[in-house]
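1. Just need the structure, nothing else, for what follows:
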Amino acid sequence: MKRSSLVFGAASTFLLVPATLALANDETVGALPTVKQGVVTGVTAIVVFLIVLAVLATKVWPAISQGLDDRTNKIRSEIEAAEKARKAAADALAQYEQSLAQARAEAAKMIEATKAQQTELANELKAKAEADLALMRERAVKEIQQAKQSAAAELYSEATNLATMVAGKILKREINAQDQQRLVEESLGQLQSMRN
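-> Residues are numbered from 1 along each chain as shown. Sure, this is the predicted structure:
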């Protein structure tokens, strides 16, 4: 800053020198300068312009140019960083969506496998229940058949005993165990033939 002040001070001095010289020569100064006065002023203006141009070219323009270059580089690096971040975000989003799709597919497979297992287990339980029910029916039918036969045998035995007692009273004689056994066997034989 001091240097540019010095340059402007020197330029002002150069501008004032021709005016001072003109007054010293007792020249008349009019509304329009003379050729001699215009040459000195023009040369002075060109010298000042060249000095200012040299100062601007060596000090100011390189600083401005350096600032603009730094700003351009900073903007470029920020754009590159933003592009990298956008690309990374897009890659992360794609990876997330892929992971989500895989998780959904795995969940669907697990649900299907669980449904298949549940169906298989239900079928197994149903088959087992049906088998148990069939076995219980068979047992119940056998038990009922045995109970029927047992009840029928008891009934025939009681009926035979009763018939034997009645026959003994009618015949006035006692029937022995052999006669009673024969009557029971005949009665059972008749019962079997009636059932078939």
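2. switch to C-alpha atoms for all contacts and neighbour counts from now on
-> Fine.
3. in which helix or strand would I find residue 32?
-> Residue 32 belongs to no helix or strand when assigned by DSSP states H and E.
4. In terms of helix, strand or coil, where does residue 91 fall?
-> The three-state label for residue 91, taken from DSSP: H, G, I helix; E, B strand; the rest coil, comes out as helix.
5. For residue 47, see how far away it is.
-> Counting by CA to CA, to the nearest Å, the gap from residue 91 to residue 47 is 63 Å.
6. Which one's more surrounded, these two?
-> residue 47 (15 against 12; other CA atoms under 10 Å).
7. dump the residue contacts of that one.
-> Not one residue lies near residue 47 by CA atoms under 8 Å, 6 or more residues apart in numbering.
8. How about residues contacting the helix or strand containing residue 189?
-> Take DSSP H and E as the rule and residue 189 turns out to sit in helix 177-195. Residues outside helix 177-195 that contact it (CA under 8 Å, 6+ apart): 153, 156, 157, 160, 161, 164.
9. which helices and strands sit right next to the helix or strand hosting the fourth one?
-> Think residue 160. In the assignment (DSSP H and E), residue 160 maps to helix 61-171. Here helix 61-171 touches helix 177-195, going by 3 or more CA pairs under 8 Å, 6 or more residues apart in numbering; DSSP states H and E.
10. what comes up buried for the helix it packs on?
-> Neighbour counts over helix 177-195 (16 or more other CA atoms under 10 Å) mark 180, 183, 184, 187, 188 as buried.
11. With stretch 109-122 instead?
-> Of the residues in stretch 109-122, none count as buried by neighbour count, 16+ other CA under 10 Å.
12. and the one helix or strand residue 41 maps to with helix 61-171, angle?
-> Per DSSP H and E: residue 41 is located in helix 35-55. Calculated by axes from the mean of the first three to the mean of the last three CA atoms, to 10 degrees, helix 35-55 forms an angle of 30 degrees with helix 61-171.
13. quick one: buried residues of helix 35-55?
-> By 16+ other CA under 10 Å, the buried positions in helix 35-55 come out as 37, 40, 41, 44, 48, 51, 52.
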